[in-house]
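1. Need coordinates for the following:
(one chain, ligands or ions: 1)
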Amino acid sequence: MSSETIFTKIINREIPADIVYEDEKALAFRDINPQAPFHVLVIPKTAIATINDVTEENSHLIGHLYVVAAKLAQEHGFAEDGYRVVMNCNEHGGQTVYHLHLHVLAGKEMGWPPYQDTKKGLA
Ligand code: AMP
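-> Have a look, this model is predicted:
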């Protein structure tokens with residue numbers, strides 16, 4: 001199965017994105033459908049489909065995504081107020097793009113628990 005997704009096209013500049021950070025291992029760009037005043041996706045440049053595909057060998061890339069998230073928080077001034085990072089996995093987790101990514105959401109107070117309306121409860 002090809003690991004190419006729309007995010008590969010963003011990395012390769014084949015489609016546009018509002019890129020806010022880049023280094024040799026990661027790219028961060030604004031979510032096209034923002035759920036908070038600041039909503040950025042941080043992705044590894046090496047495609048990993050889901051959290052289920054994280055291994056000891058590639059796990060350093062996941063740590064790096066958090067380093068980038070913390071950098072963004074400092075640079076964009078929401079480190080102190082706080083923010084949320086979310087990584088969805090597969091259908092029940094709400095994943096729609098199968099190139100693992102960290103959502104970084106900030107600029108408003110987040111609700112908890114995160115599930116509301118449709119799929120409630122522990123049952
Ligand atoms: P998830 O549902 O966790 O897989 O998140 C995928 C996210 O990618 C969603 O929040 C989408 O709004 C976002 N998204 C999809 N296509 C693009 C795109 N071309 N540029 C920026 N964000 C995108």
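2. In this protein, where's the longest strand?
-> strand 38-44 (DSSP state E).
3. which other helices and strands contact that one?
-> Using 3 or more Cβ pairs under 8 Å, 6 or more residues apart in numbering; DSSP states H and E as the contact definition, the elements that strand 38-44 packs against are helix 6-11, strand 19-22, strand 26-30, helix 59-75, strand 102-106. In short, each C-beta sits where N, CA and C put it, glycine included.
4. Return the alpha-carbon coordinates of the third one using CSV.
-> To tie it back to what came earlier, the one meant is strand 26-30. Taking C-alpha atoms only, strand 26-30 is exported to CSV below (Å, rounded to 0.1, in the frame of the first residue of the first chain):
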residue,chain,number,x,y,z
ALA,A,26,9.2,17.9,10.3
LEU,A,27,6.8,20.3,8.7
ALA,A,28,4.0,22.3,10.3
PHE,A,29,1.2,24.0,8.5
ARG,A,30,-2.2,25.5,9.3
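5. Next, the buried residues of that strand.
-> Using 16 or more other Cβ atoms under 10 Å as the test for burial, strand 26-30 gives 26-29.
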